[in-house]
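Visitor: How does the following fold in three dimensions:
(one chain, ligands or ions: 2)
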Amino acid sequence: MLHVAMAPTLPIIDFSPFLSASASEESRFNVAKELDSACREVGFFYLKGHGIPSELIASMLANARDFFETSTQDEKDAIAIKNISDGGDNARGWLRVDNPEKGSHEAVDFYRPVDKHDKSHTTGLGENKWPMTPANLRAVSETYIEQLEHLGREVMRAMALALGIDVSLFLDRVDKAFWNLRILGYEGRKSRSPAPAGIGEHTDFGILTFLLTDSTKNSLQVLSKSGDWIWVDPVDGCFVCNIGDMLAEWTRNAYKSTMHRVWHTSDSLRISIPFFFDPNWDAFIAPVLPDAKGGFNAEEGIRYKDKFVQSVDYPLWRDPLVEESTTQW
Ligand SMILES: O=C(O)CCC(=O)C(=O)O
Ligand SMILES: [Fe+2]
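Guide: Ligands and ions are numbered 1, 2, ... in the order given. Model (predicted):
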């Protein structure tokens, strides 16, 4: 029988030269250029040689699976996201989305902790709500977050090199990155009702997403340039990375933030863990590349916190019948 090997659908970038002190300038530059092409052409790529230990990755996936398989509804309710009007921050904690057309899922969202003295009740500025079980979910996640924050900054460094801009234009705005770690569970077909599992089509709104998933295939779809949805399956040892809207704006749309969605039809629970690497809460994000006339306009740009509040306050998860979304829900 003729065996046809499936070519990967996205470019695979080996990032290891950027993490090794002994790598040559030339090898770093080559990686930066590969990354740059992937960001310009697709907006999605596989990242290997990222330096995150496989045991840490396995523990993250095992803990998330344990949470979704064993938590009771009471445990979930205890950490549910609360609206501002109910004293919550509208962002941190557990939520379930039941969208009959675009799919259902459950998630727990954690964000960069905020200064305890900050008394403002703005969207996103509450306390993280860590599940009680599994007991080590918080400690393992904190180790993971620290390493992903470092990786995020190194990828920004590579992008700055390829773009030919001063690296501090990026790094000064991500040194307190307002990251969001999200654990997601998509029910298997057997236990699901009434909606199928998934997430409606959207672009992510931040800088860069590092997506870790279990080995389930045929779940994540990315919109190709030709307008077809293509399956993006997990590749061993790689993150699936994608550009968010803020980085697209930051690079004057040289880098693409590409539509994607999840449509999960297999029988078993699928776990995915996006890490959204985003700018500092107060960072002002203005294009780092000149406009068509070769200039910059002082009026251009947006403060990250404004973008965040606009994106997260969009009430898709409260209204399953809202049609269009540009948020990550
Ligand atoms: O679960 C996935 O594969 C992707 C999730 C996603 O796109 C998101 O949470 O923004
Ligand atoms: Fe997404």
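
Visitor: Which helix in this protein has the most residues?
Guide: When the chain is parsed with DSSP state H, its longest helix is helix 137-163.

Visitor: Tell me how far it lies from the chain's centre.
Guide: 12 Å (Cα atoms, centre = their mean, to the nearest Å).

Visitor: for stretch 274-289, same thing?
Guide: 13 Å.

Visitor: and what of stretch 224-244?
Guide: On Cα atoms, centre = their mean, the centre of stretch 224-244 falls 13 Å from the chain's centre.

Visitor: what about that stretch and ligand 1, any contact?
Guide: No - Stretch 224-244 lies apart from ligand 1 when judged by Cβ under 6 Å from any ligand atom; the minimum separation is 7.4 Å. All C-beta atoms are positioned from the backbone trio N, CA, C, and that covers glycine.

Visitor: in that stretch, what's buried?
Guide: Using 16 or more other Cβ atoms under 10 Å as the test for burial, stretch 224-244 gives 232-234, 238-244.

Visitor: and what of stretch 88-104?
Guide: Quick answer for stretch 88-104 (16+ other Cβ under 10 Å): 88-95, 97, 99, 102-104.

Visitor: Repeat that for stretch 175-187.
Guide: Buried, per 16+ other Cβ under 10 Å, within stretch 175-187: 177-187.

Visitor: got a markdown table for those residues, with pLDDT too?
Guide: Below are those laid out as a markdown table (pLDDT from 0 to 100):
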| residue | pLDDT |
| --- | --- |
| Ala177 | 98 |
| Phe178 | 98 |
| Trp179 | 98 |
| Asn180 | 98 |
| Leu181 | 98 |
| Arg182 | 98 |
| Ile183 | 98 |
| Leu184 | 97 |
| Gly185 | 97 |
| Tyr186 | 95 |
| Glu187 | 93 |
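
Visitor: Among those, name the ones in strands.
Guide: 180-186 (DSSP state E).

Visitor: What about the closest residue to Glu300 other than its chain neighbours, how many residues nearby?
Guide: Distances taken as Cβ to Cβ, 6 or more residues apart in numbering put Ala286 closest to Glu300, at 5.2 Å, once the chain neighbours are dropped. For Ala286, the neighbour count with other Cβ atoms under 10 Å is 18.

Visitor: How much space separates Ala286 from ligand 2?
Guide: The gap separating Ala286 from ligand 2 is 24 Å, by Cβ to the ion, to the nearest Å.

Visitor: Let the chain start at 32 from now.
Guide: Sure thing, new numbering starts at 32, so read that last one as Ala317.
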